[in-house]
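Colleague: Attaching a predicted model along with its sequence, questions to come.
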Amino acid sequence: MSDRRRILIVDDEKDIRDLVCYNLERAGFEVDSLARGDGVMARIREVRPDLIVLDLMLPGLDGREICRFLREDPETAAIPVVMLTAKGEEEDIVRGLDLGADDYVTKPFSPKVLISRIRAVLRRAPEALSREGEILRVRGFTIDPGRYEVHVNGIRVELTLTEFKILHLLVKRPGWVYSRYQIVDAVRGEDYPVTDRSVDVQIVGLRKKLGDAGREIETVRGVGYRLKASHD
């Protein structure tokens, strides 16, 4: 079955590019590739990829900068990004997610697993746009998923993409308790390699940025987190 989605591969290792391109083409995708980071934004506007497989360490412009530029530009902000990199430490993964990556695959990798991850991200992308585009207004929080903007009592709060998605998840159902695994699954998809501790770190950072409103996020001992159901 052909996907006919266009994937842009950005990796400076020719062997990796060839391997990924070959397997994606066999799986029915249309594929384009680049070896450097400094031509990525122009190529994206030219070919309009449905998803980008992005290495972190690139000549010209590294993957972190590219991901940041993508998320800051309204024309490219919704394009899914799967990072494919040798940097596999937990801190590297969390940093990549904070920059807006939709998934993170470490080298060495299985082409079958990479393709499965790509398909999962592509499945989630349109669902998220259609189901979660409504602006939420709950007890001082105003969350605009289309613009990735959060206001607390009328004041804009700058969040990373991961923090935004966690807050959006909690605010949608005040009082509902989400386990750490449920948070990871909802924000990044099933089987994502982020640990419980990473979720705790994200919550700490989110509470700090929200100031007094951060107290609305409660820790449920032994379970996970929730947005308070009321101000009782």
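Modeller: Perfect, I can see it now. Numbering: from 1, shown residues only.

Colleague: is it true that V20 touches I9?
Modeller: Yes - under the criterion of CB atoms under 8 Å, V20 makes contact with I9 at 5.2 Å. Bear in mind the C-beta positions are built from the backbone N, C-alpha and C, glycine included.

Colleague: Show me whatever sits in contact with both of those two.
Modeller: Shared contacts of V20 and I9, defined by CB atoms under 8 Å, 6 or more residues apart in numbering, comprise V31, S33, V53.

Colleague: So which of these is surrounded by the most neighbours?
Modeller: V53 (27 neighbours; other CB atoms under 10 Å).

Colleague: Check what pLDDT the residue nearest the centre of the chain gets.
Modeller: Centroid check for the chain by CA atoms, centre = their mean gives D102 as the closest residue, at 3.1 Å. We have a pLDDT of 83 for D102.

Colleague: my guess is it contacts A78, does it?
Modeller: No - with contact defined as CB under 8 Å, D102 does not reach A78; the gap is 10.3 Å.

Colleague: Any stretches of the protein with poor pLDDT?
Modeller: Residue ranges of the chain with pLDDT under 70: 1-3, 74, 88-89, 92, 124-133, 188-196, 230-232.

Colleague: And it, what are its domain boundaries?
Modeller: 6-130, 132-227 (automatic domain parsing).

Colleague: residue contacts, I16?
Modeller: Going by CB under 8 Å, 6+ apart, I16 touches D55, L84, K107.

Colleague: what about the last one, neighbour count?
Modeller: Just to be clear, that refers to K107. Counted with other CB under 10 Å, K107 comes out at 13.

Colleague: Equivalent analysis for the second one, please.
Modeller: Neighbours of L84 under the rule other CB under 10 Å: 25.

Colleague: From the chain's centroid, how far away is the strand or helix carrying it?
Modeller: Here L84, judged by DSSP states H and E, is contained in strand 81-85. Remark: strand 81-85 is offset 10 Å from the chain centroid, using CA atoms, centre = their mean, to the nearest Å.

Colleague: Check which helices and strands whichever helix or strand comes after that strand sits against.
Modeller: Using DSSP H and E, the next helix or strand after strand 81-85 towards the C-terminus is helix 90-98. Contacts defined by 3 or more CB pairs under 8 Å, 6 or more residues apart in numbering; DSSP states H and E place helix 90-98 against helix 63-72, strand 81-85, strand 103-106, helix 161-172, helix 196-210.

Colleague: again, 10 Å this time
Modeller: With contacts defined as 3 or more CB pairs under 10 Å, 6 or more residues apart in numbering; DSSP states H and E, the secondary structure elements packing on helix 90-98 are helix 63-72, strand 81-85, strand 103-106, helix 161-172, helix 180-188, helix 196-210.
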